[in-house]
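**Q** structure, please.
(one chain, ligands or ions: 1)
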Amino acid sequence: MPSAQAGAPCGCLFRLQSLPADGISQAMKDIFCEKRDIAARLEPVLWELLEKCVLCPRRCGVNRLAGEKGFCALAGEHVPIASYCVHRGEEPAISGHNGSGTIFFGHCNLGCIYCQNQSISDNSIPMDKNMASVAELSGIMLSLQQAGCHNINLVTPTHVLPYIVSALKIAFERGLSIPVVYNCGGYERAGIIKMLDGLVDIYLPDFKYMDSGLASLCSHAPDYPETAAAAFKEMYRQTGPDLILKNGTEIARRGLIVRHLVLPGNVENSIMVLEWMAKELSNKLHLSLMSQYYPAQERGKLPPQLNRTLLHSEYETVAAKAVELGFENGWFQEPDSHKTYRPDFKKKHPFEG
Ligand code: SF4
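**A** Numbering: from 1, shown residues only. So this is what the prediction gives:
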């Protein structure tokens with residue numbers, strides 16, 4: 001297994017495809033016009049969903065525009081931005097040499113009890129000080145492009161999608177042209193993902209569970225396996241298995257990268273996830289197999305099996321299964337990545353000293 005960048009997925013093996021060299025400019029112009037039009041078309045539809053919120057599989061049915069709050073505990077016309085930065089620790093095809101323009105949204109529609117970003121994802125923590133308008137969000141997107149980032153990386157976007165689409169519409173009108181990355185926990189409605197066809201360039205979801213009991217225990221979502229499966233099939237329908245690269249580089253321009261975080265004591269769940277992907281999607285897609293789990297919560301708040309880091313033998317068993325199933329594109333992490341992946345969202349840049 002190759003060595004990893006601290007706390008980040010490491011380069012492993014590639015079978016990559018590039019855009020054609022000719023006709024890029026006109027093709028790109030057409031794409032940006034189309035993306036702006038898609039955003040304009042989606043905007044009213046998605047905002048209407050907030051009035052009886054069914055944005056995600058929880059289908060809380062609350063009127064978020066009237067101040068009612070559902071599972072994700074958000075309401076109103078502003079969006080919680082916990083942090084944004086030039087992130088150099090994502091998969092190499094996402095971070096590239098200039099970094100990924102990463103925007104971390106506050107709160108979450110999944111609420112995993114072991115969340116590694118709990119200081120910003122915990123729905124019980126008020127986000128009052130970090131609320132931004134749609135116009136401010138579009139300005140952040142443009143500033144990240146200005147900083148040279150390869151993409152706009154939307155982390156935990158599911159529960160704030162209408163705000164994102166409105167901000168993207170403004171940003172496209174003002175010249176945003178880098179790819180849009182949808183970086184989510186996999187608990188998505190397939191129908192909503194279908195709406196994003198042509199707007200999102202790169203899906204970067206985490207496929208967490210095929211074990212319904214584990215999904216219930218850890219994320220209060222016993223329907224995660226079948227719900228995520230439908231959403232992943234839709235993402236795959238849009239992208240296919242190939243990662244399309246920016247011409248002459250190894251930086252992703254379009255495609256699907258599936259992450260999976262191996263949880264301690266739950267190797268069987270990981271193997272079921274890999275088997276499902278190989279059978280129902282493709283073993284040609286890009287897999288990012290993560291070992292960075294550590295108990296981020298206070299002692300006593302997690303079930304015993306999650307109160308430790310991953311054993312090397314557990315990660316190696318899952319990695320060996322991935323190889324056995326024929327996955328040959330993507331990245332493995334160093335088994336000790338948990339020592340270095342410790343974001344601090346109190347700092348301006350959560351991942352750097
Ligand atoms: S986005 Fe939030 S309020 Fe809407 S259905 Fe999901 S968890 Fe409930």
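**Q** residue in the chain nearest to the ligand?
**A** Closest residue of the chain to the ligand, C-beta to the nearest ligand atom: Gly70 (2.7 Å). For the C-beta atoms, the positions are set from N, CA and C on the backbone; glycine is no exception.
**Q** tell me, how many residues neighbour that residue?
**A** If you count neighbours by other C-beta atoms under 10 Å, Gly70 ends up with 21.
**Q** before we move on, what SS does the spatially closest residue to it that is not a sequence neighbour have?
**A** Excluding the flanking residues, the one nearest Gly70 by C-beta to C-beta, 6 or more residues apart in numbering is Cys60, at 2.8 Å. Secondary structure, DSSP: H, G, I helix; E, B strand; the rest coil: Cys60 is coil.
**Q** just give me the neighbour total for Cys60.
**A** 18.
**Q** how about it, what does it touch?
**A** By C-beta atoms under 8 Å, 6 or more residues apart in numbering, Cys60 lies in contact with 53-54, 70-72.
**Q** let's see that with 7 Å instead.
**A** Contacts for Cys60 (C-beta atoms under 7 Å, 6 or more residues apart in numbering) come out as 53, 70-71.
**Q** next, format the residues you listed as CSV and append pLDDT and secondary structure.
**A** CSV is the format used below for these (pLDDT from 0 to 100; DSSP: H, G, I helix; E, B strand; the rest coil):
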residue, pLDDT, secondary structure
Cys53, 98, coil
Gly70, 97, coil
Phe71, 97, coil
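**Q** give the helix, strand or coil label for the residue nearest to Ser337 when sequence neighbours are not counted.
**A** Of all residues not flanking Ser337 in the chain, Gln292 sits nearest, at 4.0 Å (C-beta to C-beta, 6+ apart). Here Gln292 is recorded as coil under three-state DSSP.
**Q** before we move on, what about Ser288?
**A** Remark: Ser288 carries the secondary structure label strand [criterion: three-state DSSP].
**Q** hey, what's it bridged with?
**A** For Ser288, the beta-bridge partners are Arg259, Trp331 (DSSP bridges).
**Q** ok, it touching Trp331?
**A** Yes. Using C-beta atoms under 7 Å, Ser288 is in contact with Trp331, at 5.0 Å.
**Q** just the strands from the chain, written as ranges.
**A** 17-18, 79-87, 100-105, 131-132, 152-155, 180-183, 202-203, 244-245, 252-261, 286-290, 329-332 (DSSP state E).
**Q** can I get those in a markdown table including distance to Asp211?
**A** Output for the strands of the chain, formatted as a markdown table (distance: least, C-beta to C-beta, whole Å):
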| stretch | distance to Asp211 |
| --- | --- |
| strand 17-18 | 34 |
| strand 79-87 | 29 |
| strand 100-105 | 27 |
| strand 131-132 | 36 |
| strand 152-155 | 25 |
| strand 180-183 | 23 |
| strand 202-203 | 23 |
| strand 244-245 | 33 |
| strand 252-261 | 13 |
| strand 286-290 | 17 |
| strand 329-332 | 22 |
